[in-house]
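Trainee: generate coordinates for the sequence data below:
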Amino acid sequence: MNRKLRFESSQKNFAEIWPSTRFHDGYGLMKNLAMPAARISYSGSERRQHKVFVTRHTEYHFRFDRVIAVRSRDEQSWVLRHDALGMQLEGYVAPGALIPRIGSPELGQRLYLVRGEDDVITSPVVAIVRPPKSLVIEYPASR
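Mentor: Now for the predicted structure:
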């Protein structure tokens, strides 16, 4: 079924224009279609708390900048004992670099996670997604 969006000046309920649809994002997560960027009018600070950085074999689930859950992509199961659990996202390591940089990681960069004297550098990020609420509810108790 092919739907075309019309951006009209009249106020229509978003559900009338584009019914909520769930789809598989290719990284083992189910996502709801979000409102197209042209329809977003909120210009305040970021309010969403959860973010998932997906690497080749692992999903790192964050609440703000702290790892609260880790899931194996191969087995689709939660990893209850992982060094990254409870660590803070401090930055990233760019491709070909050895020294971490402060900032938000992007696709192709590795996560740089820190807790006290310990640190973890992941494999390169292949996707950055927002977890659906149904997945957030399943998070195991964090450290």
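
Trainee: residue 89: how many residues sit nearby?
Mentor: Neighbour count of residue 89, defined by other CB atoms under 10 Å: 21. All C-beta atoms are positioned from the backbone trio N, CA, C, and that covers glycine.

Trainee: tell me the buried residues in the lengthiest strand in the chain?
Mentor: Longest among the strand segments of the chain by residue count, using DSSP state E, is strand 118-129. Buried positions in strand 118-129, judged by neighbour count with 16 or more other CB atoms under 10 Å: 120, 122, 124, 125, 129.

Trainee: for the fourth one, name its beta-bridge partners.
Mentor: Counting by DSSP bridges, residue 125 forms beta bridges with residue 55.

Trainee: just checking, it touches residue 112?
Mentor: No - using CB atoms under 8 Å, residue 125 is not in contact with residue 112, being 11.3 Å away.

Trainee: overlap in contacts, the two.
Mentor: residue 105 (CB atoms under 8 Å, 6 or more residues apart in numbering).

Trainee: ok, the residue lying closest to residue 66 once chain neighbours are set aside - contacts?
Mentor: Using CB to CB, 6 or more residues apart in numbering and skipping residues adjacent in sequence, the residue nearest residue 66 is residue 88, 5.7 Å away. For residue 88, the contact set (CB under 8 Å, 6+ apart) comprises 65, 66, 67, 113, 114, 115.

Trainee: show me the helices in this structure, by range?
Mentor: Secondary structure of the chain by DSSP state H: the helices cover 14-17, 133-137.

Trainee: for those, which has the smallest mean pLDDT value?
Mentor: Looking over those, mean pLDDT reaches its minimum on helix 14-17, with a mean of 38.

Trainee: okay, now the unreliable bits of the protein?
Mentor: For the chain, the stretches with pLDDT under 70 are 1-47, 142-143.

Trainee: quick one: the strands in it?
Mentor: Under DSSP E, the chain gives strands at 22-24, 30-32, 50-55, 58-63, 66-72, 77-78, 88-93, 101-102, 110-115, 118-129.
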